[in-house]
Each structure stands twice: as structure tokens, then as C-alpha cells.
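[1] can't give you the sequence, but here's the structure:
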Ligand SMILES: [Zn+2]
């Protein structure tokens, strides 16, 4: 079977030498400076002159800043990461204009993740060693899994999180062999008591440790709130909170990766609901549950993995009353408060709320898959 070529990122931890750490700190400082200054320029041009500054404009400005005696230190780091900072800012504005995000924010030292992206002309990859531009030694990378055979990295991003750990994300072209097709289909409901419920009746619970981690997080946050602003102890407490946050996020991402890989392998069609988190804020407990569950991240994992494997993810309208509709007879219950976990339809069918919802999502998803995306499920 012929494989398909896709771009994939592989992330590893690395340990910089003292010299590399210092150089990276300067590079991060420069990318942050360029990002913030370009943001300030764009904001000023718009608020004072109603003029839109483009990515190309900021790129020209950068050339000027490098020549300026006051900021000539900007010409010290490799030029790739600085250009990339401007591109990221452009991306932030694009998302703002599409109403997917708020207005871009300034990056603050120690509070936002530091990162620098190098294109293929700014690093070398030889014999499993990566050497960044202007560095004499290769990075000490912990290769937790190998890069695909014969892969050529096209771009690398090095970052330092608020816990002080360094990671490198390596983008390569990889060939994926589609797994054999399966006749199976599944519907998935993003739940409240369970993380996800499948139309097969299986309930996917939160990863183990999650609960104790959350308790630890709450405790660390209380400690942080008590520390005096600007004190050294406050900085320590903040680092502790960031560490726990990071651990929760890492574990969750790992868990969602395993789950999405499994669902995509097992099923030809996966039906999910379009839960746009923004529209659910009125119900705070639910919105918390959903954003906690990393729904949008999980959805994108499902979508790109399905794309790699020749599977299909069908997203159904979020106004479809999946919880209120009986999956046996199609009758719609008038109300269905969040507290109701089990209900009996007038046809006699007894439903677990989430399994019933997942079955409805699957049924609508299959209709959409068969008839094309133009078909919309009925609304209430
Ligand atoms: Zn019924």
C-alpha cells in the first residue's frame, strides 16, 4: 500500500550547555522584544492613524531596528527566530480578525513560554545531531523516540517553559501507511462525569493521577495567593504552580494522544459534536469541564490523525439536541437538566444520558457522512 507524505512534529527534551543556555536566553529575549515592539507599532498605527501595519511592514522595521545604535544587539542572534516572531504576531492578528481570539497580548518574561524557531538555513542536522546557527556544539537531545527513517527536518523550534525545561520540536516530512480499513463507526459525547462516552457504551474516564494533581494545584495556588507581591517567595510559589500545571497538561496530552490514535485505528468514521467552548460560558461548570478536557486539542488530534489514516471525522451541529433525543424512537424530551444521568423514554427505553447522546451523534454523523456536508441535522 502506498504511503502518504505528511508533516509531523517530534518533540524532545534537551539540556543546553551553560554557553548555549545563555545564548538561547539572549535569543528568547530578542524574539520577545521584536514581538512586543512590532505589536506596539501595529497598535499605535491603528489607534492613532487607523492604518494597518502588515507583516511585510514589520519585517522592514526589523531591518531598521538592527541598524539603530540603541537596538543593534538585535543583529546578534540568528535572523530566523526574529522573522518567525513577526510571523507569529501576524498569526495572532489573523486569529483576532477571524474572531477566534482576543487582541494579541505582550509577551512577558517568565510568564509566557520562550521560544525560537529556526528554518533549515539556520540549523544543521547530521548524524542525529542538531546544531543551531551561531552555536559551535550540537544540542544534547534526549531522543525518546527516533525520527522517522531518512527524515529531513525542515524546521526546529526550541523553547523553555516556565518550569525552566528546554524542549525542541522538530518538523519533518514523514510517510504514513494507511491502516487497513475497518467497517466500524463510533459516536463520541464529550461528557461531564466521564471525559468521553462512546456510542458503544464505553466510558472514558479522566487519566489517573488527575485528581491528586488537581488537589495539589489548588493547594499551590492558595499558597501563591498568600505570598507578598514582588517577593522571592512569591516567585518560588509561582514556579511551583507552573510546574503542576505543566505536569497536568503533559499527562493529559499524552493520554489524549493514545486515545485519539486508538479511536482512529479502530474506526472508519468518528462522529463528534461541534462544541464551541465560547458559547457555553453561560453554564460555568460545563464550560469548565469541557475546557479542562482539552476538547479542541482532542478534536484536532482526531482530525489530523484521521486525515493521515484515510478515516473520517464528522462534526455535527452543536444545536442538535443529542442529550434530549431518544436514540431508539426519536422522541425529544422537553427538558433534560444536567443533573439527570439516566432517563426513561415514553417508548420504554432506559437511557444512560451520555451513551444515548453518543448514539445520536453517531446516527446524525452517519447521515452527514452518507449524504454530504450540506445536510444539517434538525434543530430544536
Ligand atoms: Zn424512545
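    It's in. Since the structure is predicted, the reported quantities are computational estimates derived from the model, not experimental observations.
[2] and the stretch 251-380 of the chain, which residues reach the ion?
    Residues of the stretch 251-380 of the chain lying close to the ion (CB under 5 Å from the ion) are 326, 328, 329, 331, 345, 347, 349. Every residue, glycine included, has its C-beta placed from N, CA and C.
[3] those residues into JSON lines, with extra columns for neighbour count?
    Below are these laid out as JSON lines (neighbours: other CB atoms under 10 Å):
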{"residue": "326", "neighbour count": "20"}
{"residue": "328", "neighbour count": "14"}
{"residue": "329", "neighbour count": "11"}
{"residue": "331", "neighbour count": "12"}
{"residue": "345", "neighbour count": "18"}
{"residue": "347", "neighbour count": "10"}
{"residue": "349", "neighbour count": "14"}
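[4] show me what the helix or strand hosting residue 168 is packed up against.
    Element membership of residue 168 [criterion: DSSP states H and E] is strand 166-177. Using 3 or more CB pairs under 8 Å, 6 or more residues apart in numbering; DSSP states H and E, the elements in contact with strand 166-177 are strand 3-14, strand 153-160.
[5] how far does the last one sit from its chain's centre?
    Translated: strand 153-160. Between the centre of strand 153-160 and the centre of its chain there are 16 Å (CA atoms, centre = their mean, to the nearest Å).
[6] sheet partners, orientation included, of it?
    Within its sheet, strand 153-160 is paired with strand 114-119 (antiparallel), strand 166-177 (antiparallel), according to DSSP bridges.
[7] any idea which helix or strand in this structure has the lowest mean pLDDT?
    helix 284-292 (a mean of 53; mean pLDDT, DSSP states H and E).
[8] name the surrounding residues that touch stretch 168-176.
    The contact list for stretch 168-176 (CB atoms under 8 Å, 6 or more residues apart in numbering) reads 3-12, 14, 130, 139, 141, 147-148, 151-159, 308-309.
[9] one more time with 7 Å, if that's ok
    The contact list for stretch 168-176 (CB atoms under 7 Å, 6 or more residues apart in numbering) reads 3-12, 14, 139, 141, 147-148, 151-158, 308.
[10] now it: buried residues?
    By neighbour count with 16 or more other CB atoms under 10 Å, stretch 168-176 contains the buried residues 168, 169, 170, 171, 172, 174, 176.
[11] closest one of the residues you listed to residue 322?
    residue 176 (32.0 Å; CB to CB).
[12] show me what that closest one bridges to in the sheet.
    Beta-bridge partners, per DSSP bridges, of residue 176: residue 4.
[13] how much space between it and the ion?
    Separation of residue 176 from the ion (CB to the ion, to the nearest Å) stands at 42 Å.
[14] what segments of this protein are helices?
    Assigned by DSSP state H, the chain shows helices spanning 18-49, 55-67, 79-97, 210-226, 232-266, 284-292, 295-309, 353-371.
[15] tell me which of the ones you listed sits most buried.
    Most buried of those by mean neighbour count (mean count of other CB atoms under 10 Å) is helix 353-371; its value is a mean of 22.
[16] what packs against that one?
    Helix 353-371 sits against strand 185-190, strand 196-198, strand 269-273, strand 312-316, with contacts defined as 3 or more CB pairs under 7 Å, 6 or more residues apart in numbering; DSSP states H and E.
[17] can you list the ones you listed in CSV and add distance to residue 218, mean neighbour count and mean pLDDT?
    What follows is the helices and strands packed on helix 353-371, written out as CSV (distance: least, CB to CB, whole Å; neighbours: other CB atoms under 10 Å; pLDDT from 0 to 100):
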stretch, distance to residue 218, mean neighbour count, mean pLDDT
strand 185-190, 24, 24, 92
strand 196-198, 24, 23, 92
strand 269-273, 30, 25, 93
strand 312-316, 34, 21, 92
